[in-house]
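S.K.: Sequence first, then the predicted structure:
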Amino acid sequence: MLCGKKSKLQEIINTIENQYFISERKLLKILDKREKGIRKKDEITSYLHSFSQENNLANHLPSTAYSSVSKFKSEVKKLTSIRWKRYDDILKEIFDYKGFTQAKDDWSAYELVSLLNVSVCPYCNRSFVTTLQKNGKKTRAVLDHYYAKALYPYLALSLYNLIPSCYVCNSSFKGDIDLYRDEAIYPYEEEFLNLATFKTDFNDKDSYDYRYLLGLSKEFKISFEINTQNEELQRKIKKSIETFALEDMYNTHLDIVKDLIRSGIVNNKSRIDEIYKQFPDIFNNRGEVMQSLYGNYINEKELGKRPFSKLTKDICKELGLLDELNDK
């Protein structure tokens with residue numbers, strides 16, 4: 001439970017929910033989900049049966065629970081008020097995440113994020129997640145629970161469930177969104193950076209402003225192009241974009257792309273080549289020249305070192321600035 005990878009955590013969730021317990025918060029989400037189901041009277045019983053099976057409730061409800069929607073809701077609520085009363089509180093005491101984040105001398109959240117050595121939020125690539133302790137003061141990355149601890153309190157301290165991230169991704173957007181059976185990209189096993197590409201295009205206005213192609217206007221939009229044919233990965237990428245509001249967030253940074261476009265006109269491939277040849281003792285390759293000119297990494301292996309590096313690389317590629325680098 002503490003050290004199992006994601007596939008093992010999924011097995012644990014399935015076993016616990018089928019045989020023992022479902023958290024109160026998860027049950028509320030299940031009831032909310034049912035509100036979107038069918039309403040036809042002649043289908044209520046069969047629908048509630050299948051719905052119960054799909055949401056790991058079948059082993060916990062009496063046969064009378066499926067006679068009506070109101071009865072079903074009543075029996076589900078009884079699980080937390082009677083059968084599983086205080087289970088959530090007990091699990092929070094056992095898997096003491098708050099104590100883990102506040103520990104000073106023992107193994108703690110600070111030790112974990114230091115060992116992981118993550119520099120930039122893996123969900124958005126737009127915020128530093130610096131870990132530092134000095135003069136009694138400290139800062140660190142927020143630890144996101146990939147499987148939300150409010151829904152799965154028994155995974156609150158599971159190492160492979162803790163993802164160093166920024167506050168915005170963790171708290172402002174993800175919160176307790178349930179990624180079990182509806183997964184987003186999982187940073188320990190999958191690279192969003194390789195699976196989707198930033199693109200620019202005219203916005204949806206009737207009159208297109210072509211000045212954006214010269215870096216003179218912010219009348220354009222940023223979107224994603226998915227680069228994989230794998231349908232499961234496509235779903236995960238779309239879930240990540242939706243969960244962390246990535247398109248909306250990046251479209252608040254049009255000024256960065258505007259500057260990249262303008263710089264791409266001035267610091268074109270000829271200029272990059274000229275600087276590289278003129279200063280052979282300073283730059284080892286043309287990629288280092290681009291890194292200096294554009295103020296960010298463009299090497300695939302280094303995109304996690306600095307915010308907006310993925311955006312920088314993709315826009316430079318769109319401008320045709322990386323074609324020559326791939327050849328030399």
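M.R.: Looks like it came in fine. Numbering: from 1, shown residues only.

S.K.: Taking the centroid of the chain, which residue is nearest it?
M.R.: Centroid-nearest residue in the chain: Y123, 3.9 Å away (criterion: Cα atoms, centre = their mean).

S.K.: Skip the chain neighbours and tell me the closest residue to it.
M.R.: Once flanking residues are discounted, Y123 sits nearest to C169: 4.2 Å by Cβ to Cβ, 6 or more residues apart in numbering. Yep, even glycine has a C-beta here, placed from its N, CA and C like the rest.

S.K.: Wasn't the one you found part of a helix?
M.R.: Yes: under DSSP: H, G, I helix; E, B strand; the rest coil, C169 sits within a helix.

S.K.: count of residues packed around it?
M.R.: Per other Cβ atoms under 10 Å, the neighbour tally for C169 reads 25.

S.K.: Was I right to think it contacts V129?
M.R.: No: contact criterion Cβ atoms under 8 Å: C169 and V129 do not qualify, at 9.7 Å.

S.K.: where do the contact lists of those two overlap?
M.R.: Common contacts of C169 and V129, defined by Cβ atoms under 8 Å, 6 or more residues apart in numbering, comprise C121.

S.K.: Model confidence for H145, exactly?
M.R.: Looking at H145, its pLDDT is 97.

S.K.: wouldn't L322 be in contact with I298 here?
M.R.: Yes: counting by Cβ under 8 Å, L322 touches I298, with 6.9 Å between them.

S.K.: Name the residue in the two with the higher neighbour count.
M.R.: Each of L322 and I298 has its neighbours counted (other Cβ under 10 Å); I298 has more, 23 against 18.

S.K.: And the nearest residue to that one once chain neighbours are set aside, how far from S50?
M.R.: Leaving aside its chain neighbours, I298 sits nearest to K313 (4.5 Å; criterion: Cβ to Cβ, 6+ apart). Here the criterion is Cβ to Cβ, to the nearest Å. By it, K313 lies 46 Å from S50.

S.K.: R211 now?
M.R.: Taking Cβ to Cβ, one finds R211 at 56 Å from S50.

S.K.: now swap in Y167 and tell me
M.R.: For Y167, the distance to S50 - Cβ to Cβ - is 39 Å.

S.K.: ok, now G175?
M.R.: Distance from G175 to S50, by Cβ to Cβ: 28 Å.

S.K.: same question, K236
M.R.: 25 Å.

S.K.: Which residue of these two possesses the greater neighbour count?
M.R.: K236 (21 against 13).

S.K.: so the more buried one makes contact with D182?
M.R.: No: using Cβ under 8 Å as the test, K236 is too far from D182 to be in contact (9.3 Å).

S.K.: and for those two, which residues touch both?
M.R.: By Cβ under 8 Å, 6+ apart, no residue touches both K236 and D182.
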